[in-house]
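1. Generate coordinates for the sequence data below:
(2 chains)
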2 protein chains.
Amino acid sequence: MTVPRFDLLGVGNAIVDVIAQADDAFLVAQGMHKGTMALIDEARAQAIYDAMGPAVESSGGSAANTIVGAASLGARVAFVGKVKDDELGHAFMHDIRAAQVAYDTPPASDGPSTARCYIVVTPDGERTMNTYLGAAQDLHPADIDEKAVADTAITYLEGYLWDPPHAKEAFVKAAGIAHKAGRRVALTLSDAFCVDRYRDEFVRLIRDKTVDIVFANERELHSLYQTADFDSALEAVRSDASLAVVTRSEKGCVVVQGATTERIEAAPIARVVDATGAGDLFAAGFLVGHSRGKDLRTSARLGALAAAEVIQHVGARPATPLKALAEENGFGV
Amino acid sequence: MTVPRFDLLGVGNAIVDVIAQADDAFLVAQGMHKGTMALIDEARAQAIYDAMGPAVESSGGSAANTIVGAASLGARVAFVGKVKDDELGHAFMHDIRAAQVAYDTPPASDGPSTARCYIVVTPDGERTMNTYLGAAQDLHPADIDEKAVADTAITYLEGYLWDPPHAKEAFVKAAGIAHKAGRRVALTLSDAFCVDRYRDEFVRLIRDKTVDIVFANERELHSLYQTADFDSALEAVRSDASLAVVTRSEKGCVVVQGATTERIEAAPIARVVDATGAGDLFAAGFLVGHSRGKDLRTSARLGALAAAEVIQHVGARPATPLKALAEENGFGV
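-> Numbering: from 1, shown residues only, chains lettered A, B, ... in the order given. You can find the predicted model right below:
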């Protein structure tokens, strides 16, 4: 097999984050579930924005954040996701290309505006997300570049793709192309409520090996297997998935692959400013390490390092070049 | 005289900042003068944006930042400035109103888009700005709300208003209304190159008492009096202005009023992350203290505290409520 052109290709919802600080009372008043992602329509988006404090806008999207993080670590990467040809869409396109990501999905010329995620950051650094999918709803299988996917070591797909109507077809198409070319496919479960919406389909994707590598946080894993017991959930995913990476916030992460179990601590940090992007950047570090042939433990430590960077500032994408940070911390990537 | 409805009303260019990190070589390659503001046209704006790394968008504008800072300190404030009825204009309107600022300038329905300032932040925390004025060029005297200005303790005007064609008329109109109502007028010199463009007019505004309070940094003061000697520049402004506040970055500030001279140290900080907004927030703290009857020294120390907050994070507006910060530091405001 030839060396692939890309280390990683991500498929996900192309979203601009609108980030504001608020206290817990705001979440209660707005009926928001702390730490989760809720889908909202345009009217609710406007109501939330009207109620929110001063905000900053920053390109986001789960898989897009992961891909940008991987680029910052020096990986060769590409992204597929749909924006509209509007001001926020232009910002998304600028930011992802400026991060050295190959991005060629044509923007929608009409229909709903570029997707926005209204993110409320509470004083504890936790983020609560409200997503208006907008133009991201228009992602179709035709947007998948077959040649690019076939020429990528690992294609990375977000569970959130199950929300727009045709994106899951794009997901399955991409997975099929990747496997036909002898490449691998990774999936992040995205969010506990997202898992709740699509549990059976996600379990099937993992069991039938449509995906080879699964990323989940503790809550998502519990939701997937409908259990409150971490160890039983871990054994279930060990049995279903070829390789599973489970993140546990400040408790670090657990990687299971067949009989192998690796437990890795979280990287030390001064203070959680904004948890947005923690899981996305963990996946970036892990996948870059893994695609470069590092062992599971080293890959996970690289993930923890990237996650630690992103939670110490506002916004879901790295504020410092991760490759230099990794090298300073003894990772040759 | 009745108690005014507003402590402060700002008139300025309504701008959305587009902020990216870059090294000094980028400034050299782009022919940018570090630490200054350059006016650019739409084509140059596009070229700079294309060359810039991933960015975040955040509402800005010098006087607008000051007014938002004053609101964060608990002052009653208003702002006048022109955006377009587009996505970035909506973000500007949302952010300033969400900060509890009275803002009623009608957006332009056609013409150029909302003003953008492309800000390059270098590793030393210094910011270099490139402003596309766009819709801010359409600020006219008719946009000045006479009743609001007459009902404001201090009307605050930015020197940058000399750049758009009719804004200086709005400036002079606002100053006239304020003085007729027995109120005061403050001016920030904005930028050394801005002073260079309008030196004679700025000196005249100060000498003929169109403005009562002048804010300048060291470079602006040197430019105003065309001297490299700080002490002679200080004596010149002491003689011309009723009250002058000169900021000197990490060297603190000097306030002169007649024979009185107060020298105040900068507030201690861990690291300059992004100097954008330092002068704006200094003015906010000083003016809030001054309008509440604090002495010059206390007002300047409050300015230094607000400036220290804003330079320790990305963006030109406070990330933490300044009133609480001031109270923690022993200021009753």
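2. From now on I want contacts and neighbour counts done on CA atoms only, so please keep to that.
-> Will do.
3. tell me the contacts of the residue nearest the centre of chain A?
-> Taking CA atoms, centre = their mean, the centroid of chain A lies closest to residue A:62, which sits 3.1 Å from it. Listed by CA atoms under 8 Å, 6 or more residues apart in numbering or on different chains, the contact set of residue A:62 reads A:12, A:13, A:158, A:190, A:277, A:280.
4. tell me which of those is nearest to residue A:36?
-> Residue A:36 has its nearest neighbour among the contacts of residue A:62 in residue A:190, at 9.6 Å by CA to CA.
5. so what's the closest residue in space to the closest one that isn't next to it in sequence up against?
-> Of all residues not flanking residue A:190 in the chain, residue A:159 sits nearest, at 5.3 Å (CA to CA, 6 or more residues apart in numbering or on different chains). Taking CA under 8 Å, 6+ apart, we find residue A:159 in contact with A:187, A:188, A:189, A:190, A:191, A:194, A:195, A:202.
6. and the residue of the stretch 151-300 of chain A found nearest chain B, how many neighbours?
-> Residue nearest to chain B within the stretch 151-300 of chain A (CA to the nearest CA): residue A:273, separated by 11.0 Å. Neighbour count for residue A:273, taken as other CA atoms under 10 Å in any protein chain shown: 19.
7. again, but for residue A:270
-> Count around residue A:270 with other CA under 10 Å applied: 7.
8. quick one, phi psi at the residue nearest to residue A:190?
-> Backbone geometry at residue A:159, expressed as degrees, to the nearest 10, gives phi -60, psi -30.
9. That one and residue A:196, how far apart?
-> 11 Å (CA to CA, to the nearest Å).
10. and what of residue A:263?
-> In terms of CA to CA, residue A:263 sits 26 Å off from residue A:196.
11. Could you do residue A:141 as well?
-> For residue A:141, the distance to residue A:196 - CA to CA - is 24 Å.
12. give the contact list for the closest residue in space to residue A:82 that isn't next to it in sequence.
-> Among residues not flanking residue A:82 along the chain, residue A:136 sits closest, at 4.9 Å (CA to CA, 6+ apart). Taking CA under 8 Å, 6+ apart, we find residue A:136 in contact with A:13, A:14, A:15, A:81, A:82, A:83, A:114, A:115, A:164.
13. Likewise for residue A:153?
-> Residues in contact with residue A:153, defined by CA under 8 Å, 6+ apart, are A:4, A:6, A:7, A:8, A:183, A:184, A:291.
14. How about the contacts made by the second one?
-> Neighbouring residues of residue A:6 by CA under 8 Å, 6+ apart: A:75, A:76, A:77, A:78, A:148, A:151, A:152, A:153.
15. change it to 6 Å
-> A:76, A:77, A:152 (CA atoms under 6 Å, 6 or more residues apart in numbering or on different chains).
16. where does the spatially closest residue to the last one that is not a sequence neighbour land on pLDDT?
-> What it means is residue A:152. Leaving aside its chain neighbours, residue A:152 sits nearest to residue A:6 (4.5 Å; criterion: CA to CA, 6+ apart). pLDDT recorded at residue A:6 is 98.
17. Roughly how far does residue A:6 sit from chain B?
-> 21 Å (CA to the nearest CA, to the nearest Å).
18. Then residue A:134?
-> Noted for residue A:134: a distance of 15 Å to chain B, by CA to the nearest CA.
19. Repeat that for residue A:145.
-> Residue A:145 is 24 Å from chain B, by CA to the nearest CA.
20. got the phi/psi numbers for that residue?
-> For residue A:145, the backbone dihedrals (degrees, to the nearest 10) come out as phi -90, psi 100.
21. what does residue A:38 give?
-> Per-residue torsions, residue A:38: phi -110, psi 140 (degrees, to the nearest 10).
22. Isn't it up against residue A:130?
-> Yes - using CA atoms under 6 Å, residue A:38 is in contact with residue A:130, at 4.8 Å.
23. quick one, which of these two is more surrounded?
-> The neighbour count for residue A:38 versus residue A:130, taken as other CA under 10 Å, is higher for residue A:130 (23 against 17).
24. So the more buried one: helix, strand or coil?
-> Taken by DSSP: H, G, I helix; E, B strand; the rest coil, the conformation at residue A:130 corresponds to strand.
25. can you give me the helices for the stretch 151-300 of chain A?
-> A:167-180, A:192-207, A:218-225, A:230-240, A:278-291, A:296-310 (DSSP state H, counting those that start in this stretch).
26. Just put those helices in a markdown table and tack on mean neighbour count.
-> Shown next, in a markdown table, are these (neighbours: other CA atoms under 10 Å in any protein chain shown):
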| stretch | mean neighbour count |
| --- | --- |
| helix A:167-180 | 21 |
| helix A:192-207 | 17 |
| helix A:218-225 | 22 |
| helix A:230-240 | 17 |
| helix A:278-291 | 27 |
| helix A:296-310 | 26 |
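27. how about JSON lines for these, with distance to residue A:92 added?
-> Formatted as JSON lines, these follow (distance: least, CA to CA, whole Å):
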{"stretch": "helix A:167-180", "distance to residue A:92": "19"}
{"stretch": "helix A:192-207", "distance to residue A:92": "24"}
{"stretch": "helix A:218-225", "distance to residue A:92": "28"}
{"stretch": "helix A:230-240", "distance to residue A:92": "34"}
{"stretch": "helix A:278-291", "distance to residue A:92": "17"}
{"stretch": "helix A:296-310", "distance to residue A:92": "18"}
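28. can I get those helices in TSV with mean pLDDT and distance to residue B:298?
-> Compiled in TSV, the helices of the stretch 151-300 of chain A are given as follows (pLDDT from 0 to 100; distance: least, CA to CA, whole Å):
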stretch	mean pLDDT	distance to residue B:298
helix A:167-180	96	59
helix A:192-207	96	51
helix A:218-225	97	50
helix A:230-240	98	56
helix A:278-291	97	42
helix A:296-310	97	37
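29. As CSV, those helices with distance to chain B would be great.
-> As requested, the helices of the stretch 151-300 of chain A are exported to CSV (distance: least, CA to the nearest CA, whole Å):
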stretch, distance to chain B
helix A:167-180, 26
helix A:192-207, 28
helix A:218-225, 30
helix A:230-240, 37
helix A:278-291, 16
helix A:296-310, 14
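30. For residue A:142, the count of nearby residues, please.
-> Residue A:142: 11 surrounding residues under other CA under 10 Å.
31. quick one: it and chain B, what's the gap?
-> Taking CA to the nearest CA, one finds residue A:142 at 28 Å from chain B.
32. Could I get the contacting residues of that residue?
-> Here residue A:142 is in contact with no residue (CA under 6 Å, 6+ apart).
33. Determine whether the claim that it is in a helix is correct.
-> Yes - under three-state DSSP, residue A:142 falls within a helix.
34. For residue A:84, see how far away it is.
-> Applying CA to CA to residue A:142 and residue A:84 gives a distance of 16 Å.
35. cool, residue A:281 as well?
-> Per CA to CA, residue A:281 is found 25 Å from residue A:84.
36. try residue A:254
-> From residue A:254 across to residue A:84, the span is 38 Å (CA to CA).
37. what about the two, which has more around it?
-> Shown here are residue A:254 and residue A:84; by other CA under 10 Å, residue A:84 has more neighbours (25 against 21).
38. Can you give me every residue that contacts that one?
-> Residues counted as contacts of residue A:84 (CA under 6 Å, 6+ apart) are A:107, A:108, A:113, A:114, A:135.
39. quick one: which of those sit in helices?
-> Mapping those onto helices (DSSP state H) picks out no residues; all lie outside.
40. Looking at the residues you listed, which one is closest to residue B:244?
-> Set against residue B:244, the nearest of those by CA to CA is residue A:114 (47.0 Å).
41. Neighbours of that closest one, how many?
-> 26.
42. what do you get for residue A:31?
-> Neighbour count of residue A:31, defined by other CA under 10 Å: 9.
43. Before we move on, what's the pLDDT of it?
-> pLDDT at residue A:31 comes out at 97.
44. That one and residue A:115, how far apart?
-> Residue A:31 sits 21 Å away from residue A:115, going by CA to CA.
45. now the strands: where do they sit in chain A?
-> A:6-11, A:15-21, A:37-39, A:56-59, A:77-80, A:101-103, A:115-121, A:127-132, A:152-158, A:184-188, A:213-217, A:243-247, A:253-257, A:260-264 (DSSP state E).
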